[in-house]
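Visitor: Pasted the sequence and its predicted model underneath.
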Amino acid sequence: MVLVMNIQPPSRDSQTADRLSAYTSELQECLNLIKDAATRELAVQKYTLLRDRILTQYPAMVDLLDMTWDALLTSRRTAHVWERLCNTEKQLTDRMAESHVQLQQNYLRLVQEQ
């Protein structure tokens, strides 16, 4: 007796493919919105709605999607902190350079007066 196994991936009908394409587009929109701090809250809201729709049809995918989304949010927050830190450091460096120039000018003036 020969046992034949079907190892072909399950076929997707066009409705499923269209739905997955729509989910992909919505997720891409969320990813684009999350890049800007001004639209971050909107991105989270849109993601939550998308996640709830996916949960009803593909519950197994939601945990993976949530982990990925949480990792993205964490990395965005970290990048924002580093950006602020770098901007603060740049401002301090600029002020130090201005102070140094001012000190040099004051020293030269003092030397000329003597």
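Guide: Good, I have the coordinates. Numbering: from 1, shown residues only.
Visitor: In the chain, where's the longest helix?
Guide: helix 59-113 (DSSP state H).
Visitor: for that one, packing partners?
Guide: Contacts defined by 3 or more Cβ pairs under 8 Å, 6 or more residues apart in numbering; DSSP states H and E place helix 59-113 against helix 14-34, helix 40-57. To be clear about C-beta, it is placed using only N, CA and C from the backbone, and glycine gets the same treatment.
Visitor: Mind telling me which of these the model trusts least?
Guide: Mean pLDDT values for those show the minimum at helix 14-34, a mean of 89.
Visitor: Quick test: name the residue nearest the centre of the protein.
Guide: residue 76 (4.2 Å; Cα atoms, centre = their mean).
Visitor: I'd say that residue and residue 36 touch.
Guide: No - between residue 76 and residue 36 there is no contact under Cβ atoms under 8 Å: 10.0 Å.
Visitor: Please name whichever of the helices and strands packed on helix 59-113 is nearest to residue 63.
Guide: helix 40-57 (9.9 Å; Cβ to Cβ).
Visitor: On the pLDDT front, check the residue nearest to the centre of the chain for me.
Guide: 90.
Visitor: Roughly how far does it sit from residue 20?
Guide: 25 Å (Cβ to Cβ, to the nearest Å).
Visitor: With residue 49 instead?
Guide: Residue 49 is 17 Å from residue 20, by Cβ to Cβ.
Visitor: Could you do residue 64 as well?
Guide: 15 Å.
Visitor: more neighbours, these two?
Guide: Neighbour count, other Cβ atoms under 10 Å: between residue 64 and residue 20, residue 20 has more, with 14 against 10.
Visitor: ok so, going back, with distance to residue 88 added, can I get the helices and strands packed on helix 59-113 in TSV?
Guide: Shown next, in TSV, are the helices and strands packed on helix 59-113 (distance: least, Cβ to Cβ, whole Å):
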stretch	distance to residue 88
helix 14-34	24
helix 40-57	21
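Visitor: Which of these sits closest to residue 80?
Guide: It is, among the helices and strands packed on helix 59-113 and with distance given as Cβ to Cβ, helix 40-57, at 9.3 Å.
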